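S.K.: Below are the sequence and a predicted model; questions follow.
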Amino acid sequence: MSKIYNYTLTDQKTIEKIVNEDVVMINHMVLPKGDCLPVHKANSNVYMIVADGEITLELNEEAPVTYEKGSIINIDYDTLMNICNKTSERTELFVVKAPGPDKYNL
């Protein structure tokens, strides 16, 4: 058996959950140039996949690091994250959380 999940093809700011299950959550995000997500802590073990453009990450208030298309960044649970698109016209990310955040909130 297989299941198809769709995500939005756009250049506009987008934050959407594609998969939300106990074992995994997958989010899709598009950030226009200069846009950031609110600073927050990782609510699971996170794998951030840069599908297009570049992303600048500041983790636990350390020096910011820029990652390019093709990068997969692993971010530990409870890490403070500041995520911005400072350098690209458009950045597209997939964020895989495994296990899903609900497993951490038991």
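M.R.: Cool, got the structure.
S.K.: shaky segments in the protein?
M.R.: Along the chain, the model assigns pLDDT under 70 to residues 105-106.
S.K.: Surely Lys69 and Ile49 touch.
M.R.: No: at 9.7 Å, Lys69 does not count as touching Ile49 under the criterion of C-beta atoms under 8 Å. C-beta coordinates here come from the backbone N, C-alpha and C atoms, glycine included.
S.K.: Compare neighbour counts for the two and give me the winner.
M.R.: Each of Lys69 and Ile49 had its neighbours counted (other C-beta atoms under 10 Å), and the higher figure belongs to Ile49 (17 against 14).
S.K.: quick one: contacts for the more buried one?
M.R.: Applying C-beta atoms under 8 Å, 6 or more residues apart in numbering, we find Ile49 in contact with 71-72, 93-96.
S.K.: partners of it in the sheet?
M.R.: In this entry, Ile49 is beta-bridged to Ile72, Phe94, by DSSP bridges.
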